[in-house]
Structure formats: C-alpha cells, structure tokens
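> Give the three-dimensional model of this entry:
(one chain, ligands or ions: 1)
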Amino acid sequence: MTTTILVCDQAGVRTITMNRANKKNALTHEMYAAMADAILGAEANPNTQVIILSGTKECFTAGNDLGDFLGTPPDLEAQDNPPVARFMVALLEAKKPVIAAIEGPAVGIGVTLLLHCDFAYAGKGAYLQAPFVNLALPPEYASTLMLPFAVGPKRATEILMLGEKITAKAAAEMGLITAVTDTGAALKLATQTANKLAAKAPTALRLTKQLLRAGPESPAQRMARENVLFGTRLQSAEFKESVAAFFEKRNPDYSKCED
Ligand code: COA
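Numbers count the residues shown, from 1 in each chain. Down below sits the predicted model:
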C-alpha cells in the first residue's frame, strides 16, 4: 500500500491527500492509481457523501512526475486505461461533491483538475500555473473546453498559452477557485464546507451536481429537465424528511432515507 496517497474517512467525508512532499507531490503512476481507487471507493460507499482532494502543507502538486512522462509516458488512448486516465475519468464522473484544498503551488494537472472539482479553496500564498506549452505540450483534461467557459476565452488563452503563475487572489477573482483563506487554512475551510454538504440530502446534491455539469442546451430544454427531476423529488423520502424537520423545528436527518 502506497504512502504517497493518504486516505482518511471521517463523518461522511473522504479526504485524499497527495503526500510526496520531497518531490512537491509530483504525481506518479502509482499515485494516480491510488487516487482513482480512493475516488471510486468513495463513490461506491453509501456512508461517504463528500470527497476532499488535498496536498501537503506547502504544496498542492507540481503536476505529473516529469520523469514518468519521459521514461514511461502513458498511452492515453490505450484500451486498458493507464492510471492517469483512470484518475481523470474517476474525478470527471464523480457524482458526489469534490472539494480541493490548495496550499503552495498547483501546477499542470493540479490546475486542470480544479475544473472538475465543485469547490476549491486556496491559502493566501498558493498559486496556480498551467505550463503545458512551456513544456512543448498541449493542455489536457478538457481544459481547452472548460477553462474558457470558467474564466472567459481571453483569460483562458493567457493561462494556457503563457503558462505564468496566477496568485490565489487572482484565481478567486476570475472564478477559478471558490475562495482564498489564510495561509494553512484551506483544508480547514474545505472540511467545514464538506461537513455542511454531508448533512444535506445526498440525492438532491447529486442531481444538483449533475445539472450544473450538464452540457449546453437551451433554457427551455434545461427547464424541462429540471422539472422532471423536481417533480420526481417532490415524492422522495428526502423531501418529506426536509419538510417534517421544518415543521418539527429540528435539523433534517437524511441517514435513513433510502432515496
Ligand atoms: N516531476 C518530477 N519531479 C519534480 C516535479 C515534477 N513535476 N516537480 C518537482 N520535482 C522535484 C524536483 O526535481 C526536486 O527534486 P530533487 O530534490 O531530487 O532535486 C524536488 O521535487 C523539489 O523541487 P524544486 O523544483 O526544488 O522545488 P521548488 O519549491 O523550488 O519549486 C515547483 C516547486 C513546483 C515550482 C517546481 O518544482 C516546478 O516547476 N516543477 C515542475 C512543474 C511542472 O512542470 N509540472 C508538469 C506540468 S505538466
């Protein structure tokens, strides 16, 4: 079992920590495999409601291990998915909310994976950098599609073509992360948000994530899709528990709701 990825389960929250500090959490094949397993395990576990992705105190991740890229480059089109592709798909398809907690540098895939997280908090001293072109590589992880959508085409072009450092403050201003915290406090805020999410109705959260991440469609099409889900959920045990809790002046408890 690898120690370069740590997994901790507490109160419905699975925290996955990249833990290779001496190499700035550069991600190896083994680390991608362990992170994919940890995400898929969280998805399969009914007791887990939220996933946090974190690095160590001084670094989120320096991105892909450049030695691995040179020595044993992954074949991203291979049928038997290499670990990096398994990780990318596991995060991309995660139905449960995922929160990133960033301190120090987040480089390469450390930036592009944020596009697939639902919340991202960064300590004041953190920075993001997507130096793909500086390494003579094109960008990955659907970032050329999702980054323009997240921050606008001009900013996305600047980030992906120039590959310069973006401070946590600038990243928050452009909507690339949720909020900036004091240095060292990103994981604490991520955990607070995770605890709030873990107390909410799991199916309602899952459907909200699904709608927020659905591809483009007309407002009328989206409203029709929302109406189907909304109508169905008015019949759910989660909704009945929410309303019962309101009238009984207590917090809802969704742990016994089957749906
Ligand atoms: N792959 C492999 N090893 C890496 C690495 C990476 N992506 N990033 C850092 N390391 C290693 C360094 O080689 C060094 O190893 P050593 O102590 O055996 O010499 C160690 O981690 C510390 O890195 P260092 O560069 O000294 O740390 P720093 O604090 O000065 O800088 C970074 C941190 C992240 C800014 C810098 O390491 C960096 O730019 N890394 C490469 C980022 C990158 O291009 N990633 C790929 C994106 S596609």
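> Close to the ligand: what parts of the stretch 101-250 of the chain are there?
Taking C-beta under 6 Å from any ligand atom as the measure of proximity, the stretch 101-250 of the chain contacts the ligand at 105, 107, 108, 131, 132, 135. Using the backbone N, CA and C atoms, a C-beta is placed for each residue, glycine as well.
> Show the contacting residues for the residue nearest in space to the middle of the chain.
The geometric centre of the chain, computed from its C-alpha atoms, lies nearest to residue 117 (C-alpha atoms, centre = their mean), at 2.3 Å. Shown in contact with residue 117 (C-beta atoms under 8 Å, 6 or more residues apart in numbering): 53, 91, 98, 99, 100.
> Skipping adjacent residues, who's closest to the residue in the chain that the ligand sits nearest to in space?
Closest approach between the chain and the ligand, counting by C-beta to the nearest ligand atom: residue 108, at 2.6 Å. Counting by C-beta to C-beta, 6 or more residues apart in numbering, residue 63 is the residue found nearest to residue 108 once chain neighbours are left out, at 2.6 Å.
> picking that back up, would you confirm that the residue of the chain closest to the ligand contacts residue 131?
Yes - at 6.8 Å, residue 108 and residue 131 qualify as touching, with contact defined as C-beta atoms under 8 Å.
> between the two, which one's more packed in?
In this view residue 108 and residue 131 are compared by other C-beta atoms under 10 Å, and residue 108 has more residues nearby, 27 against 17.
> Need the pLDDT of the more buried one.
On pLDDT, residue 108 comes in at 97.
> Quick check: the gap between it and residue 132.
7 Å (C-beta to C-beta, to the nearest Å).
> Let me see the contact set for residue 31.
2, 4, 5, 18, 20.
> chain center to stretch 176-190, what's the gap?
Remark: stretch 176-190 is offset 14 Å from the chain centroid, using C-alpha atoms, centre = their mean, to the nearest Å.
> Which members of the contacts of residue 31 are the farthest-apart pair?
2 and 18 (10.8 Å; C-beta to C-beta).
> Looking at those two, which one has more neighbours?
Each of residue 2 and residue 18 has its neighbours counted (other C-beta under 10 Å); residue 18 has more, 24 against 14.
> Compute the number of surrounding residues for the closest residue to residue 3 other than its chain neighbours.
Excluding the flanking residues, the one nearest residue 3 by C-beta to C-beta, 6+ apart is residue 19, at 6.5 Å. Residue 19 sits with 15 neighbouring residues when counted by other C-beta under 10 Å.
> quick check, nearest of the residues of the stretch 101-250 of the chain next to the ligand to residue 81?
The closest of those, once distances to residue 81 are taken by C-beta to C-beta, is residue 108, at 19.3 Å.
> Make a PyMOL selection of the buried ones in the contacts of residue 117.
To isolate the buried members of those in PyMOL, using 16 or more other C-beta atoms under 10 Å:
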select buried, resi 53+91+98+99+100
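> Now pLDDT and distance to the ligand too, for the contacts of residue 117, in CSV please.
Below are the contacts of residue 117 laid out as CSV (pLDDT from 0 to 100; distance: C-beta to the nearest ligand atom, whole Å):
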residue, pLDDT, distance to the ligand
53, 98, 17
91, 98, 17
98, 98, 21
99, 99, 22
100, 99, 16
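> Looking at the contacts of residue 117, which are in helices?
Of the positions in these, residue 91 sit in helices, assigned by DSSP state H.
> This completes my enquiry, with thanks.
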